[in-house]
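> Let me see the structure of the following:
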Amino acid sequence: MEGVIGDNESDTSDDDDDVRERQHIHKIQNYVEHTIPLYDNETFQSHFRLQRPEVYRLIERYQQTNYLVNNDSNETAITHEKAFLLTLYYLANTETFLEISDRFDLSMSSAHRVLQNTLDFIISLQDEYLVWPHNREDKREISQRFSKIQNIHGVIGAINGCHIRIKRPMEQQRDYFSRKQFHSIVIQAVATSNNIITDVHIGEPRSMHDSRVLRRSPIYAAAHDNPDFFDGYFLLGDSAYANLPWLVPPFRDNGHLTDKEREFNYRHSSTRVRIEHTFGLLKCRFRRLNKFNNLLLDIIIRCTMASCILHNILTIARINNINIDDDSDDDNNNDNDDYNDNERVFVEDRRQYIFQNMFVDRE
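Below is the predicted model of the structure:
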């Protein structure tokens, strides 16, 4: 899903960077040409997060597009390789933009331009790597994996929101000021049990409640406009969300929960926590998401979207390298965990339906 592009901009001034930009800075020479080729695979991945073959496969695809805009002659033009590696390095690390432009031997303006060009290319891969599971077989596979956690059948994703810290915006500052005493925007995401992001909505101010962020997101509109969008499957969310036919929160703990309700909440939380794992993994891989400085909000949103797509590329590559024995175990368990066509029910109170069926064998 697309991010929200706000009208407000982050403060683009930074005294330290301005002073350093006016000074003569000794730039690193031939970092891409001479230094990076000497990195072993582990060092390369620690700097750029993706494995080297995957990075250069994406660079080859980048070269086949018109996203990179060069204002220099052919001899001094910035290569697709340098532009892509700079963008990966920027997203994966917390160095200042001036330090990164020095590392890649570029002026600040050129580095900023190729960063935006490359973000646009990465975001163009969204329909390939950040995809809602429309295929019934894909939905069934996702549901099977979730059911193996706490035997809750029919879960197609876990949903939540998290902070993306930003510098104080120039306008509507109070809207972006969170209860954690800093300014931030929200990323709402849906993730599978193996940490693949299947839907994302980025850019709402942090002061907005999670339930309202949901109502403003494309996934809510899709579910509202198309009753078959979830196809009998549903999401798990925390208590900030309303109980919907396609979204199941836990029972609110008012001090009077029954033992079964507490068990339901435990099993719900143990399954839903995969979205928290996904956010943690995303921010660990792409540390720029922990705090942005000196950027317009629309670029922050694009950086966040690109990071989500790169996260999925990395996660899918990891899943594809899983030991064949794990795949065999999955196949052996399909009969027990399958949420088949007969079980895909369409009910108004989904939580109550799950709750009743969870304990049917004990009655």
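> show me what contacts the residue most central in space within the chain?
Nearest to the mean C-alpha position of the chain, by CA atoms, centre = their mean, lies residue 308 at 3.4 Å. Counting by CB atoms under 8 Å, 6 or more residues apart in numbering, residue 308 makes contact with 130, 187, 189, 197, 200, 282. For every residue, glycine as well, the C-beta is placed using N, CA and C.
> and it, backbone torsions?
Here is the backbone geometry of residue 308 (degrees, to the nearest 10): phi -60, psi -40.
> Residue 202 now?
In terms of degrees, to the nearest 10, the main-chain angles of residue 202 are phi -130, psi 140.
> Was I right to think it contacts residue 163?
No. With contact defined as CB atoms under 8 Å, residue 202 does not reach residue 163; the gap is 11.7 Å.
> which residues do the two both contact?
Joint contacts of residue 202 and residue 163 (CB under 8 Å, 6+ apart) are 185-186.
> Compare those two and say which is more crowded by neighbours.
residue 202 (25 against 19; other CB atoms under 10 Å).
> In the sheet, which residues pair with the more buried one? Tell me.
Judged by DSSP bridges, the bridge partners of residue 202 are residue 187.
> per-residue pLDDT, it?
pLDDT recorded at residue 202 is 96.
> And it, how far from residue 36?
Residue 202 sits 30 Å away from residue 36, taking CB to CB, to the nearest Å as the criterion.
> Residue 190 - that's part of a helix, no?
No. Judged by DSSP: H, G, I helix; E, B strand; the rest coil, residue 190 forms no part of a helix; its state is strand.
> All further residue positions should be reported with the first residue as 8.
Okay, residue one is now 8; in that scheme the one you just asked about reads as residue 197.
> What's the separation between it and residue 163?
8 Å.
> Give the intersection of the neighbour lists for these two.
With CB under 8 Å, 6+ apart as the test, residue 197 and residue 163 both reach residue 242.
> Identify each buried residue in stretch 218-228, please.
220-221, 224, 226-227 (16 or more other CB atoms under 10 Å).
> now do stretch 258-269
Here stretch 258-269 shows residue 258 as buried, counting by 16+ other CB under 10 Å.
> Show me the shaky parts of the stretch 108-257 of the chain.
Residue ranges of the stretch 108-257 of the chain with pLDDT under 70: 177-180, 185-188.
> just how off-centre is stretch 269-288 within its chain?
Distance, stretch centre to chain centre, for stretch 269-288: 17 Å (CA atoms, centre = their mean, to the nearest Å).
> Identify all contacting residues around that stretch.
Contacts of stretch 269-288 (CB under 8 Å, 6+ apart): 153, 156-159, 162, 164-167, 169, 194, 196-200, 202, 204, 243-245, 255, 257-258, 260, 264, 318, 322, 361-362, 365.
> Strands - which of those land there?
162, 164-167, 169, 194, 196-198, 204, 243, 255 (DSSP state E).
> which one of those residues sits closest to residue 48?
Checking the ones in strands among the contacts of stretch 269-288 against residue 48 by CB to CB gives residue 204 as the nearest, at 25.3 Å.
> ok, now which ones touch that closest one?
137, 196-198, 285, 289, 315, 318-319.
> The residues you listed into TSV, with extra columns for distance to residue 231?
Output for the contacts of residue 204, formatted as TSV (distance: CB to CB, whole Å):
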residue	distance to residue 231
137	22
196	19
197	16
198	22
285	25
289	28
315	24
318	28
319	26
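> Which among those count as buried?
Buried among the contacts of residue 204 (16+ other CB under 10 Å): 137, 196-198, 285, 289, 315, 318-319.
> Contacts for stretch 237-249, please.
So stretch 237-249 is in contact with 143, 146, 150, 159, 161-167, 197, 216-218, 221, 230, 252-257, 259, 275, 278-279, 346, 351-353, 357, going by CB under 8 Å, 6+ apart.
> I'd like to know which of these are buried.
By neighbour count, with 16+ other CB under 10 Å, the contacts of stretch 237-249 hold 146, 150, 159, 161-167, 197, 217, 221, 230, 252-257, 275, 278-279, 346, 351, 357 as buried.
> Let me know the pLDDT of the residue nearest to residue 59 when sequence neighbours are not counted.
Spatial nearest neighbour of residue 59, excluding adjacent residues (CB to CB, 6 or more residues apart in numbering): residue 51 at 5.0 Å. pLDDT recorded at residue 51 is 97.
> Report the spatially closest residue to residue 86, excluding sequence-adjacent ones.
Residue 86 sits nearest to residue 39 (CB to CB, 6+ apart), 7.6 Å away.
> What about that neighbour, how many residues nearby?
With other CB under 10 Å as criterion, residue 39 counts 19.
> Then the one 10 residues further on?
If you count neighbours by other CB under 10 Å, residue 49 ends up with 9.
> got a list of contacts for the helix or strand containing it?
Residue 49 belongs to helix 48-55 when assigned by DSSP states H and E. For helix 48-55, contacts defined as CB under 8 Å, 6+ apart pick out 43, 46, 58-59, 62, 92, 95-96, 99-100.
> what about burial for those residues, which qualify?
For these, buried by 16+ other CB under 10 Å: 43, 58, 62, 92, 95-96, 99-100.
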